[in-house]
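A.B. asks: Here is my input; please provide its structure:
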Amino acid sequence: MSASVSPESPAPPKKLSCSFCGARVLPADEFCHNCGSELDFTAEKAIAEKAVAEKAAAEESVAAKTVKSKMFCTECGTENPREAKFCMNCGASINAVATLNAVKPVKSSKASAKSEAALVKTRQQIYISLGVAALAFALFAVAGWRGFASGAKGFDLSGAAGAGAEARPVQPNSNGRTPLGDAGDPTASPQNGMPQNPAQSGSTGSGESTSPAPAPLITADKAALDRIDTLRKQFEAAADAKRKLPFAGSLIGEYVQIGRLDLAGDYAKMFAELSVGENKPDAKLFLRAANLYDDGKAYEKAVTMYEKALELDSKNTDARVDLSICLLNAGQMRRSVEQMKQAVTENPTHQKANLNMGILNAQIGRTDDAKKFWEAALALDPNTEAGKRAKELLGKN
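C.D. replies: Residues are numbered from 1 along each chain as shown. Have a look, this model is predicted:
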């Protein structure tokens, strides 16, 4: 009985033989191994090579589809092998397949990387223009500040409670701490006309960033690099934490201005740690470091700083929402779901927590639960950006 061939499989290559002696030969042979006659199988070779190519393409397509599909537990969100029937984390039955690129989560309000750089640049320009005519200063304030600030559209890049990535140079007070309410306070004032804490004030925010990716350090001008080099040497040479603080604060601003938010995050972390001394740790300072790492796409470091901030201020729902999204970006789906679930449980009226919980449920195939969270987000305020996003996801016009 002849073997059956799958309709999707390419036909096997035609068997070849020497036209002189009839011996079986291979497509790659140029002479018959039996009689030595020259072989010419141009057409047959083409057919055979095409069949091999089609088979390889079919196998590659199947492999690609297998890689793209991910199996997630609908109970806890843990990724499992494609053939799994029960979750290896919680033991629940797996009945849905979902991919992680359907809908992006929405982060809570915080000044975008572009706006942060604008704020630093504006501050420096103001120092320069103090001796200039009032008219020139006013023109800069209107054209420069508003021009930079208008770059943020819709939701901001990311962020926890308020303008957490505010990174202008800061000066500590007499006890070595950054006074609240000045340039070093991450929540001192609204940025771009947006309230700090959406959990309390219903501010808007975004999951889609219009900010450019961090620029390489080598694109900075020589003057900026020289300033950074000098500040780093001064920071290292400073004898104690109190003397290091102003240099760390200035380095945060310099790195933000050249687009290296990850390095700004390093010095924001050191600033937060150095500020402790004999004083109580300040959650806002660790939150600023977390936001800079987040915007700089250093997600693992951002997770550590968000966790530190939440140790000091466990009720900060904005920080917990951003921690959840950082965990998702770091590939930790299960922990991401856990943190977002906790945010909604602790603060049921937090609009972005509800919106994001719906998105995470949709990503693991729980569409009915996703709709419930989106309905809740829409009901809280249909006129905010988060409310409009929920309405869009629900397919309502």
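A.B. asks: buried stuff in stretch 367-378?
C.D. replies: Neighbour counts over stretch 367-378 (16 or more other Cβ atoms under 10 Å) mark 369-371, 373-378 as buried. For the C-beta atoms, the positions are set from N, CA and C on the backbone; glycine is no exception.
A.B. asks: so where's the stretch 51-200 of the chain shaky on pLDDT?
C.D. replies: Applying pLDDT under 70 to the stretch 51-200 of the chain picks out residues 60-71, 75, 94-104, 109-200.
A.B. asks: repeat that for 80
C.D. replies: 51-53, 55-200 (pLDDT under 80).
A.B. asks: Can you show me the strands along the protein?
C.D. replies: 16-17, 24-25, 71-72, 79-80 (DSSP state E).
A.B. asks: Of these, which stretch is the most buried?
C.D. replies: Burial of the strands of the chain is given as mean neighbour count (mean count of other Cβ atoms under 10 Å); strand 71-72 ranks first at a mean of 22.
A.B. asks: Of all the strands of the chain, which one is nearest Ala386?
C.D. replies: Closest approach to Ala386 among those (Cβ to Cβ): strand 71-72, 24.4 Å.
A.B. asks: about what we covered before: I'd like the strands of the chain as TSV, with distance to Ala362 appended.
C.D. replies: Formatted as TSV, the strands of the chain follow (distance: least, Cβ to Cβ, whole Å):
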stretch	distance to Ala362
strand 16-17	56
strand 24-25	59
strand 71-72	11
strand 79-80	16
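A.B. asks: out of those strands, nearest to Ile228?
C.D. replies: strand 79-80 (40.7 Å).
A.B. asks: Adjacent strands (with direction) for the closest one?
C.D. replies: strand 71-72 (antiparallel) (DSSP bridges).
A.B. asks: re the thing from before, Asn356 is nearest to which of the strands of the chain?
C.D. replies: Of all the strands of the chain, it is strand 71-72 that lies closest to Asn356, at 16.3 Å by Cβ to Cβ.
A.B. asks: sorry, back to before: His33 is nearest to which of the strands of the chain?
C.D. replies: strand 24-25 (6.9 Å).
A.B. asks: Val303 reaches Cys326, doesn't it?
C.D. replies: Yes - taking contacts as Cβ atoms under 8 Å, Val303 lies within contact range of Cys326: 4.9 Å.
A.B. asks: For the nearest residue to Asn361 once chain neighbours are set aside, give me the pLDDT.
C.D. replies: Leaving aside its chain neighbours, Asn361 sits nearest to Ala370 (4.0 Å; criterion: Cβ to Cβ, 6 or more residues apart in numbering). At Ala370, the pLDDT value in this model is 94.
A.B. asks: if we can go back for a sec, have a look at Val303 and Cys326 and say which one is more surrounded.
C.D. replies: It is Cys326, of Val303 and Cys326, that has more neighbours when counted by other Cβ atoms under 10 Å, with 29 against 23.
A.B. asks: I'd like to know how far that one sits from Pro105.
C.D. replies: From Cys326 across to Pro105, the span is 10 Å (Cβ to Cβ, to the nearest Å).
A.B. asks: pretty sure the residue nearest to Asn361 contacts Ile359?
C.D. replies: Yes - contact criterion Cβ under 8 Å: Ala370 and Ile359 qualify, at 7.1 Å.
A.B. asks: joint contacts of the two?
C.D. replies: Leu393 (Cβ atoms under 8 Å, 6 or more residues apart in numbering).
A.B. asks: and Gln332, what is it in contact with?
C.D. replies: Contacts of Gln332 by Cβ under 8 Å, 6+ apart: none found.
A.B. asks: mind starting the numbering at 57 from now?
C.D. replies: Shifting the count to begin at 57 puts that one at Gln388.
A.B. asks: For it, what are phi and psi?
C.D. replies: Note on Gln388: its backbone torsions stand at phi -110, psi 70 [degrees, to the nearest 10].
A.B. asks: mind giving me the domain split of the chain?
C.D. replies: 57-124, 126-155, 169-449 (automatic domain parsing).
A.B. asks: and the closest residue to Tyr323 other than its chain neighbours, how far is that from Ala107?
C.D. replies: The shortest distance from Tyr323 to any non-neighbouring residue, by Cβ to Cβ, 6+ apart, is to Leu307 (4.4 Å). From Leu307 across to Ala107, the span is 63 Å (Cβ to Cβ).
A.B. asks: Looking at those two, which is more packed in?
C.D. replies: Leu307 (25 against 16).
A.B. asks: from what I can see the more buried one touches Gly321, true?
C.D. replies: No - using Cβ under 8 Å, Leu307 makes no contact with Gly321, being 11.1 Å away.
A.B. asks: Next, format the buried residues of stretch 423-434 as a markdown table and append distance to Phe76.
C.D. replies: Below are the buried residues of stretch 423-434 laid out as a markdown table (distance: Cβ to Cβ, whole Å):
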| residue | distance to Phe76 |
| --- | --- |
| Asp425 | 74 |
| Ala426 | 72 |
| Lys427 | 75 |
| Phe429 | 78 |
| Trp430 | 76 |
| Glu431 | 81 |
| Ala432 | 83 |
| Ala433 | 81 |
| Leu434 | 82 |
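A.B. asks: now, which of these sits nearest Ala442?
C.D. replies: Ala433 (6.0 Å).
A.B. asks: Just the pLDDT for that closest one.
C.D. replies: Note on Ala433: pLDDT of 96.
A.B. asks: Contacts only, for it.
C.D. replies: Applying Cβ under 8 Å, 6+ apart to Ala433 gives the contacts 407-408, 410-411, 414, 442-443, 445-446.
A.B. asks: Okay, and which of those residues map to helices?
C.D. replies: Among the contacts of Ala433, the members falling in helices (DSSP state H) are 407-408, 410-411, 414, 442-443, 445-446.
A.B. asks: Tell me which two of the residues you listed sit farthest apart.
C.D. replies: Gly414 and Gly443 (12.4 Å).
A.B. asks: how near is the nearest residue to Ala409 once chain neighbours are set aside to Ala345?
C.D. replies: Using Cβ to Cβ, 6+ apart and skipping the chain neighbours, the partner closest in space to Ala409 is Ala399 (4.1 Å). In this view, Ala399 and Ala345 are 20 Å apart by Cβ to Cβ.
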